[in-house]
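Asker: Sequence below, structure please.
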Amino acid sequence: VQLQASGGGLVQSGGSLRLSCAASGSILRMNVMGWYRQAPGKQRELVAAIASGDSTNYANSVKGRFTISRDNAKNTVYLQMGSLKPEDTAVYYCNARIGDSVFWRDYWGQGTLVTVSS
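Answerer: Numbering: from 1, shown residues only. Model (predicted):
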């Protein structure tokens, strides 16, 4: 199983970006999908997560500005980011909990850099 993230880039403060992350490979079932970020010198933190039933969870710092969604038919999770701030600058990683008939396992994408200029 692989997760391929895309959509990062350079954007001005106040701008928008949409991140995508597609899972491929042998996927029997998928549970929570999410986005994390890691800024230079800081620990990786949860940005947003979405469960298989579409319930969502957001970090307080992004509530009202970011929206997470998923397309189960495409095994893809999206992060629509708006009103971006310089403090949103980080490498963004997607995560998915994927299972076979017995076990669940967490998979990570390779990371995509988001840079917000002031």
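Asker: all strands of this structure, in order?
Answerer: 2-6, 9-12, 17-24, 29-38, 45-50, 56-58, 66-71, 76-81, 90-99, 104-108, 112-117 (DSSP state E).
Asker: Return the most buried member of the ones you listed.
Answerer: strand 76-81 (a mean of 22; mean count of other Cβ atoms under 10 Å). Placement of C-beta: from N, CA and C, glycine included.
Asker: separation between the residue most central in space within the chain and residue 111?
Answerer: What sits nearest the mean C-alpha location of the chain, by Cα atoms, centre = their mean, is residue 35, with 2.5 Å. Residue 35 sits 11 Å away from residue 111, going by Cβ to Cβ, to the nearest Å.
Asker: With mean pLDDT added, can I get the strands of the chain in JSON lines?
Answerer: Formatted as JSON lines, the strands of the chain follow (pLDDT from 0 to 100):
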{"stretch": "strand 2-6", "mean pLDDT": "96"}
{"stretch": "strand 9-12", "mean pLDDT": "98"}
{"stretch": "strand 17-24", "mean pLDDT": "97"}
{"stretch": "strand 29-38", "mean pLDDT": "96"}
{"stretch": "strand 45-50", "mean pLDDT": "98"}
{"stretch": "strand 56-58", "mean pLDDT": "98"}
{"stretch": "strand 66-71", "mean pLDDT": "97"}
{"stretch": "strand 76-81", "mean pLDDT": "98"}
{"stretch": "strand 90-99", "mean pLDDT": "96"}
{"stretch": "strand 104-108", "mean pLDDT": "95"}
{"stretch": "strand 112-117", "mean pLDDT": "98"}
